[in-house]
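K.L.:
sequence isn't available, so here's the structure alone:
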């Protein structure tokens, strides 16, 4: 229960940051609407701060779902390949770790088998590992 409260607090703080930071809120709106041109214009207008907004937008993706291609393409258009690639790779790595952490904390009762209700296909998934070597030898 304590872990779930920590997760809710982290998500709540993230929501407050997105709402409080105007450029991040605007960038999230552009990403949710799929407006690459408006996002590109916004980030170009922000200069170096645009990179921070872009990283914040990518971190927001751990909780809010929008096409990942939008910030990736915009980063390349605004900052160029040499700067955008390492910036985006590191930001997506941190976003993935954040999403993983949220999943382990909030999703643990469902994914670890602690839930007594049967999960459809669990028996097939457990048995799949035994058949894998046979498929490799068939080549």
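P.N.:
That came through fine. Note that this is a predicted model, so its numbers are computed, not measured. Numbering: from 1, shown residues only.
K.L.:
switch to C-alpha atoms for all contacts and neighbour counts from now on
P.N.:
Fine.
K.L.:
for the record, mean pLDDT for the longest helix anywhere in the chain?
P.N.:
The longest helix of the chain (DSSP state H) is helix 81-106. Averaged over helix 81-106, pLDDT sits at 90.
K.L.:
helix/strand/coil for the residue nearest to the spatial centre of the chain?
P.N.:
The chain has residue 62 as the residue nearest its centroid, 3.0 Å off, counting by C-alpha atoms, centre = their mean. Under DSSP: H, G, I helix; E, B strand; the rest coil, residue 62 falls in the coil class.
K.L.:
excluding covalently adjacent residues, which one is nearest to it?
P.N.:
Closest residue in space to residue 62, ignoring its immediate chain neighbours: residue 99 at 4.9 Å, by C-alpha to C-alpha, 6 or more residues apart in numbering.
K.L.:
got the angle for the helix or strand harbouring residue 9 vs helix 81-106?
P.N.:
If you go by DSSP states H and E, residue 9 is part of helix 2-20. Using axes from the mean of the first three to the mean of the last three C-alpha atoms, to 10 degrees, the inter-axis angle of helix 2-20 relative to helix 81-106 is 140 degrees.
K.L.:
for helix 2-20, list every residue counted as buried.
P.N.:
7, 11, 14, 18 (16 or more other C-alpha atoms under 10 Å).
K.L.:
so after it, what's the next helix or strand?
P.N.:
Next element after helix 2-20 (DSSP H and E): helix 22-33.
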